[in-house]
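# pasting the sequence and the predicted coordinates here, then a few questions.
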Amino acid sequence: MITPAMLESIEALKKEKRYDEAIALVNTVLARNPNDRDALLQIADIQYRKGDMDKAKKAVDFYNYNQDEKDPMGWYLKGVIEMEKNEWEIARKFFWKAMELSDGQNHEIMRCFWLCEYRYGNRTKGLDYLEKSYKINNKDAEIIYNLLEVYLLEHNHNKANALILHYRKSRDSLVFVDKPVEFYDEKIWLFEQFLKKHQLLKK
């Protein structure tokens, strides 16, 4: 199994983009147990970050096989890989399966399903799912960022203003995954400038 100390090392290597070293470390676990759940998920994630979608898919397929295809995480990862390949319709089906298996309670799965629906042309339905994702977890910075983008695209300036205020008030307690806080700070500032330019910004 992956110990907390080992997980910390793996995440540090991924952050530094030392992917081959991260894989080598995870493989020490798989050498003892080829079916280790967390190790297989790590291999899929690392290969995805490397840009090797074929190897990432193989790891996910093996993971799903071991889980009798009943783990929502496996279907979520299949969807993420298909999104990366711009196969939005296929990804949408995988995310829907993941949502079913998680009883619609996973905010990240729901966020990705929103993206597919929106790209698919189902804008109203997609926005509904993104708002549900936000209700499940209103501390995820990526969800806030995505929702702000959509509100501005849909000219829903009142909700955009409220969300900016939420970001400002909750910034220190928000969760930032993969992107640094500076990325979101800059985006929020740009959104504010847009609203200010059009005299739509509320204090």
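Looks like it arrived, so ask away.

# in stretch 45-55, what counts as buried?
Counting neighbours by 16 or more other Cβ atoms under 10 Å, one finds that the buried residues in stretch 45-55 are D45, I46, Q47, Y48, K50, K55. Every residue, glycine included, has its C-beta placed from N, CA and C.

# contact partners for the residue nearest to M53 when sequence neighbours are not counted?
Distances taken as Cβ to Cβ, 6 or more residues apart in numbering place I81 nearest to M53, at 5.5 Å, with adjacent residues excluded. Residues near I81 by Cβ atoms under 8 Å, 6 or more residues apart in numbering: Y48, M53, A56, K57, V60.

# closest one of the buried residues of stretch 45-55 to N106?
Nearest to N106 among the buried residues of stretch 45-55, counting by Cβ to Cβ, is D45 at 16.4 Å.

# summarise which helices and strands the helix or strand hosting that closest one is packed against.
Using DSSP states H and E, D45 sits within helix 37-50. Here helix 37-50 is seen to pack against helix 4-15, helix 19-32, helix 53-66, helix 72-84 when contacts are counted using 3 or more Cβ pairs under 8 Å, 6 or more residues apart in numbering; DSSP states H and E.

# what about K187, neighbour count?
17 (other Cβ atoms under 10 Å).

# contact partners of the strand or helix carrying it?
When elements are defined using DSSP H and E, K187 is found to belong to helix 181-197. Residues from elsewhere that reach helix 181-197 (Cβ under 8 Å, 6+ apart): 141, 144-145, 148, 152, 157, 160-161, 164, 167-168, 171, 174, 176, 201.

# what does stretch 132-146 give?
Under the criterion Cβ under 8 Å, 6+ apart, residues 104-108, 110-111, 114-115, 130, 147, 163, 166-167, 170, 173-177, 179, 181, 184, 187-188 lie in contact with stretch 132-146.

# give the buried subset of these as a PyMOL selection command.
Selecting just the buried residues from those in PyMOL takes one command, with 16+ other Cβ under 10 Å as the test:
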select buried, resi 104+106+107+108+110+111+114+115+130+147+163+166+167+174+184+187+188
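
# check what pLDDT L200 gets.
The predicted local confidence for L200 comes out at a pLDDT of 81.

# wait, is it part of a helix?
No. The assignment for L200 is coil, going by DSSP: H, G, I helix; E, B strand; the rest coil, so no helix is present there.

# pretty sure it sits against N161.
Yes. With the criterion set as Cβ atoms under 8 Å, L200 and N161 qualify as a contacting pair; they are 7.5 Å apart.

# give me the more crowded residue out of these two.
For the pair L200 and N161, the greater number of neighbours falls to N161 (19 against 14), based on other Cβ under 10 Å.

# ok, for the more buried one, nearest residue in space, not its chain neighbours?
Nearest residue to N161, sequence neighbours excluded (Cβ to Cβ, 6+ apart): K202, at 4.4 Å.

# likewise Y48?
Beyond its immediate neighbours in the sequence, the residue positioned closest to Y48 (Cβ to Cβ, 6+ apart) is A56, lying 4.3 Å away.

# quick check on V175: phi, psi?
Main-chain torsions, V175, degrees, to the nearest 10: phi -100, psi 130.
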